[in-house]
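In: Quick one: sequence and predicted model below, then my questions.
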Amino acid sequence: MTTGPALDESTLRDFAQTCDAIAHTPGKIAKIALVADYLRSLDDANLEAATRYFTGNPFAAKDDRTLALGGRTIVAAAESVWGIPDGALGLAYRERGDLGAALGGFVRPPVDLGLFRTILTPASLKTILDAIADTHGKAAARKRQVLCERILAACADELEARYAIKILTGDLRIGLREGLVLDAIAAAFERAPEVVRRAAMAAGDVGSVALAARADGLDDVAIAYGTPIGFMLASPIVFGSSYKELEGAGWLVEDKYDGVRIQAHVDGDRVRLFSRTLNDVSRAFPEVVDALRKTERRAIYDGEIIALRDDRVLPFRFLQARLQRKDVAEELLHEVPVRFVVFDLLAHDNAFVLDDPLATRRGLLAEILQPAAALEIAPWTALDADPSSVNERFERARERGNEGLVLKRADAPYVPGRRGKWWLKLKRELSTLDVVVVGVEWGHGKRAKVLSDYTFAVRDASGELLTIGKAYSGLTDVEIAEMTTWFLDHRTGMLNRHAFAVEPTQVIEIAFDILQPSTLHESGYSLRFPRIVRLRPDKPASEIDTLARVEDIYREMLERENVGGAATSSARSGAPADV
């Protein structure tokens, strides 16, 4: 075991200097070495806190607490401590691209020279962050601001302030993913990277994993049920292609469900449901929680919650009413009944089964989980040797009310948080629309200095432009840079601090998966998963799609749902397993 040098009290400025060095170091190996050297120098209290900060989170993943600090509170605290001229912050934010860098430039001795000052360390900062997270009740907002002022007042210079604010906002942005932090823990204490990663998944806390690595206790880290791990993701493939991706391997085929991806942690009578964003959504689906509680198992499941009516699959939008409520009314439970369709097993009792082949995990899943009213195992079939059957299978899945297919290699491990070639998803876009850009917004991160977020509109019968959505993905960096220059030259007014209206002449083609009524946009509709297909310089704004076309697409979508849902539920409509 590596004992390292004598451990000294490390200041937050040491942490900030390390972060700044990492941000200016391009190579992964060099970044890992910088983090490892720093972690090795810390005592236990600072090691635990600083390791968490490196992942961009002030608390452990398993910790449900949040700081509940909005940008407005942080700005108010900064104005109170440092005094910031009117308008100066907006200009600094536009130039720097994030709040920490923007506010850091205003650091100076506090306006109130009698204010209590302290030297910040990662551990002492954690104490204040704990106090912020634990502040509730009357005047909580003011108390949080005062605690925030205490942090900022202790910052000796711009660098320390910048990274203190980055920790407060959970937006470190120094090119350091959690995987690199785990590799740095392994390097710092001479442990196997795969053992460190597995311990992190089990513990749900990189801070405690760093302590365990130093103490040679990684093998003793047990699964922390109730702490979500990353979801394995599927890569898209093109419908109707030759499907060369499927050659030379055994594949299992499932329907792709139009629901909410869920990771269910069942520890006896304690059940928690996590969405793909790792948020706890248990209260939205009480019948699923009850069904899983009755299994009396310790397990982690991966699957999809779908809405049904009369054993017929309903579109995703029917689930939104549930997700938007903290407590689900009894009438909503009956109006939109749901079912949890389980398609994978991640852990059983005290052991992960992530490294087992998918076919093995499916076999174990069938042994330990019994179908119930709101609970079933997703059906699957083996793909024929001839992949030409994929199109036919796809159409049958659509007839069952599902989005398409997911194809999974039978020998695939479960790789949390990764999108690779082990899982492939096949779905068809609902349609595309030609729209005109009416508003643009500065991006974030590496796109902070370009206009990458486009608000777009269709025309109504009178020719008026009505907004219908916003998209920021699909164009290349070169296209975005070129369009930024054009938009800056054709501004017509400000929409807010970061966005402005532009001349409505730039036409783009937008693809989307779902169209639904919405009060968010002037058209009365919104698009689910909108993405820019291409710029349309060949098309004048006078020829963009109309609101009538949008209404036609929506009506056709509803008709397909009514016809295509004639089959029974997605899970019961599949063939039995044959591997």
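Out: Sure thing, it's come through.
In: Show me the helices in the stretch 301-450 of the chain, by range?
Out: With helices called from DSSP state H, counting those that start in this stretch, the stretch 301-450 of the chain shows them at 317-323, 330-335, 358-368, 390-399.
In: which helices and strands does the last one pack with?
Out: This means helix 390-399. Under the contact definition 3 or more CB pairs under 8 Å, 6 or more residues apart in numbering; DSSP states H and E, helix 390-399 sits against strand 251-256, strand 404-409. Heads up, the C-betas are built off the backbone N, CA and C, glycines and all.
In: what sits opposite His265 in the beta ladder?
Out: In this structure, His265 bridges to Arg272, Ile300 when assessed by DSSP bridges.
In: That one reaches Pro228, doesn't it?
Out: Yes. The pair His265 / Pro228 is scored as a contact, 7.4 Å apart, by CB atoms under 8 Å.
In: Quick check: neighbours shared by these two?
Out: Common contact partners of His265 and Pro228 (CB atoms under 8 Å, 6 or more residues apart in numbering): Phe274.
In: Output the lowest mean pLDDT helix or strand found in the protein.
Out: Of all regular secondary-structure elements in the chain, judged by mean pLDDT, DSSP states H and E, the least confident is helix 88-96 with a mean of 66.
In: what's the following helix or strand after that one?
Out: Proceeding N to C from helix 88-96, the next assigned helix or strand is helix 99-104, under DSSP states H and E.
In: Could you pull out the buried residues of that following helix?
Out: Neighbour counts over helix 99-104 (16 or more other CB atoms under 10 Å) mark 99-104 as buried.
In: Among those residues, which one lies nearest to Asp205?
Out: Of all the buried residues of helix 99-104, Gly100 has the smallest distance to Asp205: 24.0 Å, by CB to CB.
In: Distance-wise, check that closest one relative to Ala60.
Out: Relative to Ala60, Gly100 is positioned 22 Å away (CB to CB, to the nearest Å).
In: can you check Pro337 too?
Out: Look at Pro337 and Ala60: by CB to CB, they are 36 Å apart.
In: What's the biggest helix in the chain, counting residues?
Out: Criterion DSSP state H: the longest helix present in the chain is helix 547-564.
In: and that helix with helix 390-399, angle?
Out: Relative orientation of helix 547-564 and helix 390-399, computed by axes from the mean of the first three to the mean of the last three CA atoms, to 10 degrees: 90 degrees.
In: what is the mean pLDDT for helix 547-564?
Out: Summarised as a single mean, pLDDT over helix 547-564 is 78.
In: Helix, strand or coil: sort out the residue nearest the centre of the chain for me.
Out: Most central in the chain under CA atoms, centre = their mean is Thr277, positioned 4.2 Å from the mean C-alpha point. Recorded secondary structure, Thr277: coil (DSSP: H, G, I helix; E, B strand; the rest coil).
In: Backbone torsions only: list them for Pro540.
Out: Main-chain torsions, Pro540, degrees, to the nearest 10: phi -70, psi 160.
In: can you tell me which helix or strand the nearest residue to Pro193 once chain neighbours are set aside belongs to?
Out: Nearest non-adjacent residue to Pro193, counting by CB to CB, 6 or more residues apart in numbering: Ala186, 4.3 Å away. Per DSSP H and E: Ala186 is located in helix 178-189.
In: Same question for Phe106.
Out: Counting by DSSP H and E, no helix or strand carries Phe106.
In: sorry, back to before: now tabulate the helices and strands packed on helix 390-399 in JSON lines and tack on mean pLDDT and distance to Arg362.
Out: Putting the helices and strands packed on helix 390-399 into JSON lines (pLDDT from 0 to 100; distance: least, CB to CB, whole Å) gives the following:
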{"stretch": "strand 251-256", "mean pLDDT": "93", "distance to Arg362": "8"}
{"stretch": "strand 404-409", "mean pLDDT": "93", "distance to Arg362": "9"}
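In: so which of those strands gets nearest Val437?
Out: Val437 lies closest, by CB to CB, to one member of these: strand 404-409, at 29.8 Å.
In: neighbouring strands for that closest one, and are they parallel or not?
Out: strand 251-256 (antiparallel), strand 419-427 (antiparallel).
In: Single out the most deeply packed of those strands.
Out: Ranked by mean neighbour count, these are led by strand 251-256 with a mean of 24 (mean count of other CB atoms under 10 Å).
In: Now do that strand: distance to the chain's middle.
Out: Offset of strand 251-256 from its chain centre (CA atoms, centre = their mean, to the nearest Å): 24 Å.
In: Let's have the helices of the stretch 301-450 of the chain in TSV, adding mean pLDDT and mean neighbour count.
Out: TSV is the format used below for the helices of the stretch 301-450 of the chain (pLDDT from 0 to 100; neighbours: other CB atoms under 10 Å):
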stretch	mean pLDDT	mean neighbour count
helix 317-323	77	17
helix 330-335	77	11
helix 358-368	95	17
helix 390-399	86	18
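In: Those helices: which one's closest to Phe456?
Out: Ranking the helices of the stretch 301-450 of the chain by their distance to Phe456 (criterion: CB to CB) puts helix 317-323 first, at 20.8 Å.
In: Other residues contacting the closest one?
Out: Outside helix 317-323, the residues within contact range by CB under 8 Å, 6+ apart are 259-260, 281, 284-285, 305-307, 328, 332, 336, 338, 514, 516.
In: Just list the residues touching the residue nearest to Pro193, thanks.
Out: 192-193, 195-196, 213.
In: Output the residues you listed as JSON lines; include the columns pLDDT, neighbour count and secondary structure.
Out: JSON lines is the format used below for the contacts of Ala186 (pLDDT from 0 to 100; neighbours: other CB atoms under 10 Å; DSSP: H, G, I helix; E, B strand; the rest coil):
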{"residue": "Ala192", "pLDDT": "96", "neighbour count": "11", "secondary structure": "coil"}
{"residue": "Pro193", "pLDDT": "94", "neighbour count": "15", "secondary structure": "helix"}
{"residue": "Val195", "pLDDT": "93", "neighbour count": "16", "secondary structure": "helix"}
{"residue": "Val196", "pLDDT": "95", "neighbour count": "25", "secondary structure": "helix"}
{"residue": "Ala213", "pLDDT": "97", "neighbour count": "30", "secondary structure": "helix"}
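In: right, and out of these, which lies closest to Ser235?
Out: Distances from Ser235 to those, taken by CB to CB, are shortest for Pro193, at 24.3 Å.
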